[in-house]
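Student: got a predicted model here, sequence first, then my questions.
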Amino acid sequence: MKSHKIATLLLAGSLLATGCQKDLLDKTNPNGPSTAQFWKSSDDAVKGVYACYSGLQQYAVYGHSWQFMAARSDESYSQSPFVELANFTRFIQPDNNFFISSFAWNDYYRTIFRTNQALANIPGIDMDATLKARLLAETRFIRAISYFDLAYFFGRVPIVTVEPTVTTRAKQGTQAEVEAQVIADLLAAIPDLPLAKAYSGVDKGRASKGAAQALLARVYMHQKKYAEASALFATIINSNQYALVDNYLDNFTEANENNAESVFEIQYTASVLEVGQGQDNASASEAYDRPNFFGPPVVTFADVQPRRWLLDAYTDSTLNFASGSTTKHLIDPRRDVSIISVLNPDRFYGKTFTEWGWNPSQQYWRKYLNDRTRTTPENFTSGINYRIMRYADILLMQAEALTEQNQLTNALPLLNRVRTRPSVNIAPLTGTYSQDALRQLIRAERAREFAGEGTRWYDILRWGLMDDQAGLDALKARDSDFTNFRLGISKLLPIPQRDLDIDPGVTQNPGY
């Protein structure tokens, strides 16, 4: 399901006129169909939902900006010569219109606009009822994941659920109200979404029942509704739709996309960029540019790097909390899949770490790079699908949910399933642990399993580490950038000033 660029949904046109006319603005764009002309057939409905998926590909959503917004967590830092970008990751943002947050705001709402248009128009099309129900459910999922990110990046955002006009003004919801909208969309979507294995061919990669259940469970985890989340995770696990792939690396390559471990991923295709980076029209590339910014110098811009504590965490020190003894295991193989360092003996873009002359005191992200298939520098057209939700996340989230309910004996085997996949094969944890001990082990496992995947921001947010001084001190110990973090302020991004100027009903987040 790679092709999402649908020109027919681009409703903006240009007015070409001279002189003064009373009906100057009463023009129909002759170069493309209008909304009223488009939503007529089953084929239109399918194309319209493709355009909604395209919104998730966009430059300022998962194609670029989301990557940097998530990189503010304690696993990453920036030494970029682009000072504004580096400061953004350090919680220093004097400009409320800094392009990452403002672009993200615009592109998320562009995606939501498309979903609202599809949800308003598809019901009136005479078409197969089952297909119609599925397309509407997919659209609700896309709107839900868009609001999910807005809720946890911006907090209080306008909630638009109708096809808007130029005069539409939406209420600015609280974070709880935005979460409620996400929940409502997902509950409406789940009954009509197929199981993952029901999709095949060009339909692989569409939103499935399991993807919607997983996203809903994530919201419940943020709300500390552990029983509700656990029930959903159990349903996904018992559905037999997913499995851990034997080779951990298969989760981050183009050759192994939409595999058994994938719950939901953003579909990308490596192609020549025809009209410029980040463009959103029928002739634009369906690639994305994360590898060009999240790798080593010379071959990438090296704008975001992993923290040293994370590299060190792959020497698996498993504490036996009953006896206090420490057992040292071999280096976790996930380290060299995730991070490039002088300790990694592999070749990257045809050379070793030493042959490239990289600084041995530095380390760089490796996940989602094309270093195994090319010797030339990265560019803006990577085709590796971005995995938003993996089955490993379902297992570890369920372990977390069970631990928070003090069901420790049921949680530990799930943690061990992730540790003992064939390509990782770390010794399983044995013994008896306290609730807090197991909680810390799960958190440490998540750091290693999902390093560099963007989940860390949501983790430290869910765990409340940015809510009080004790949590902030723990983050500072791992990441000095959190010295600039202001409690009650920095957890949320500022709402772009230009949007505040446009709509006086929207107010700024505290502290900006």
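Tutor: Ah, there it is. Numbers count the residues shown, from 1 in each chain.
Student: element containing Leu215?
Tutor: helix 209-222 (DSSP states H and E).
Student: can you tell me the SS state at the residue nearest the centre of the chain?
Tutor: What sits nearest the mean C-alpha location of the chain, by CA atoms, centre = their mean, is Ile388, with 5.0 Å. Assigned by DSSP: H, G, I helix; E, B strand; the rest coil, the conformation of Ile388 is strand.
Student: pretty sure it is touching Tyr62, no?
Tutor: Yes. Applying CB atoms under 8 Å, one finds Ile388 in contact with Tyr62, separated by 7.3 Å. For every residue, glycine as well, the C-beta is placed using N, CA and C.
Student: what residues does the closest residue to Glu254 other than its chain neighbours make contact with?
Tutor: Closest residue in space to Glu254, ignoring its immediate chain neighbours: Ile384 at 4.7 Å, by CB to CB, 6 or more residues apart in numbering. Counting by CB atoms under 8 Å, 6 or more residues apart in numbering, Ile384 touches 252-254, 257, 268, 291, 368, 370.
Student: adding secondary structure, write those residues out as TSV.
Tutor: Rendered in TSV, the data for those read as follows (three-state DSSP):
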residue	secondary structure
Phe252	helix
Thr253	coil
Glu254	helix
Glu257	coil
Tyr268	coil
Pro291	helix
Tyr368	coil
Asn370	coil
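Student: quick check, nearest of those to Gly454?
Tutor: Distance from Gly454 was checked for each of these by CB to CB. The minimum falls on Tyr368, at 10.3 Å.
Student: isn't that closest one up against Tyr386?
Tutor: Yes. Between Tyr368 and Tyr386 there is a contact at 7.1 Å, judged by CB under 8 Å.
Student: joint contacts of these two?
Tutor: Shared contacts of Tyr368 and Tyr386, defined by CB under 8 Å, 6+ apart, are found at Arg290.
Student: what's the spacing between Ala188 and Arg443?
Tutor: Between Ala188 and Arg443 the computed distance is 33 Å (CB to CB, to the nearest Å).
Student: mind listing the strands for this protein?
Tutor: 76-77, 262-266, 305-306, 315-319, 326-331, 339-340, 364-365, 386-390 (DSSP state E).
Student: ok now the last one, how far from the chain's centre?
Tutor: In other words, strand 386-390. For strand 386-390, the separation from the chain centroid amounts to 7 Å (computed by CA atoms, centre = their mean, to the nearest Å).
Student: average pLDDT across it?
Tutor: Here strand 386-390 scores 98 as its mean pLDDT.
Student: ditto for the fourth one
Tutor: For strand 315-319, the mean per-residue pLDDT is 56.
Student: got it, and the longest one?
Tutor: Averaging the model's pLDDT scores along strand 326-331 yields 56.
Student: show me what contacts Pro297?
Tutor: Pro297 makes contacts with 358, 364, as judged by CB under 8 Å, 6+ apart.
Student: so how far is His64 from it?
Tutor: For Pro297, the distance to His64 - CB to CB - is 19 Å.
Student: Ser434 now?
Tutor: 42 Å.
Student: compare those two (neighbour count), which wins?
Tutor: Set side by side, Ser434 and His64 give different neighbour counts by other CB atoms under 10 Å, the larger being at His64 (24 against 12).
Student: what's the closest non-adjacent residue to the more buried one?
Tutor: Closest to His64 by CB to CB, 6+ apart is Asp289, at 5.8 Å.
Student: surely Thr376 is in contact with Asn370?
Tutor: No. Because the distance of 9.3 Å does not satisfy CB under 8 Å, Thr376 is recorded as not touching Asn370.
Student: out of these two, which sits in the more crowded spot?
Tutor: Taking Thr376 and Asn370 together and counting by other CB under 10 Å, Asn370 has the greater number of neighbours (23 against 9).
Student: wait, that one sits on Ser382?
Tutor: Yes. Asn370 is in contact with Ser382 according to CB under 8 Å; the separation is 6.1 Å.
Student: picking up where we left off before, dump the contacts of Ile384 to a markdown table, plus distance to Arg486.
Tutor: Below are these laid out as a markdown table (distance: CB to CB, whole Å):
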| residue | distance to Arg486 |
| --- | --- |
| Phe252 | 34 |
| Thr253 | 39 |
| Glu254 | 40 |
| Glu257 | 40 |
| Tyr268 | 36 |
| Pro291 | 32 |
| Tyr368 | 31 |
| Asn370 | 38 |
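Student: what's the most distant pair in those?
Tutor: Between any two of the contacts of Ile384 (CB to CB), the greatest distance is 15.0 Å, for Glu257 and Pro291.
Student: okay, those two: which has more neighbours?
Tutor: Pro291 (26 against 21).
Student: was I right to think that one contacts Thr300?
Tutor: Yes. Taking CB under 8 Å as the definition, Pro291 is a contact partner of Thr300 at 6.5 Å.
Student: between the two, which contacts overlap?
Tutor: With contacts defined as CB under 8 Å, 6+ apart, the residues adjacent to both Pro291 and Thr300 are 369, 378.
Student: any idea how far Glu378 is from the residue nearest to His64?
Tutor: Relative to Glu378, Asp289 is positioned 8 Å away (CB to CB).
Student: my read is that Asp95 contacts Leu85, right?
Tutor: No. At 11.7 Å, Asp95 and Leu85 do not qualify as touching, with contact defined as CB under 8 Å.
Student: ok, those two, which is more surrounded?
Tutor: With neighbours defined as other CB under 10 Å, Asp95 and Leu85 compare such that Leu85 has more, 20 against 14.
Student: wait, doesn't the more buried one sit right on Ser101?
Tutor: No. The pair Leu85 and Ser101 does not pass the contact test of CB under 8 Å, sitting 11.6 Å apart.
Student: got the residue ranges for the helices in the stretch 401-512 of the chain?
Tutor: According to DSSP state H, counting those that start in this stretch, the stretch 401-512 of the chain carries its helices in the segments 408-419, 435-449, 455-462, 469-478, 497-502.
Student: please disregard the earlier target; I meant the stretch 201-350 of the chain.
Tutor: Counting by DSSP H, counting those that start in this stretch, one finds helices in the stretch 201-350 of the chain at the ranges 209-222, 226-238, 308-313, 334-338.
Student: residue ranges with poor pLDDT in the stretch 1-150 of the chain?
Tutor: Within the stretch 1-150 of the chain, the ranges that satisfy pLDDT under 70 run 1-33.
Student: that one: helices as residue ranges?
Tutor: 35-38, 42-57, 65-70, 83-89, 99-121, 129-153.
Student: buried residues of the last one, list them for me.
Tutor: Going by neighbour count (16 or more other CB atoms under 10 Å), the buried part of helix 129-153 is 132-153.
Student: now swap in stretch 236-243 and tell me
Tutor: Residues 236-237, 241-242 are the ones in stretch 236-243 that count as buried (16+ other CB under 10 Å).
Student: export those to CSV and tack on distance to Val418 and pLDDT?
Tutor: CSV is the format used below for those (distance: CB to CB, whole Å; pLDDT from 0 to 100):
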residue, distance to Val418, pLDDT
Ile236, 15, 98
Ile237, 13, 98
Gln241, 18, 98
Tyr242, 13, 98
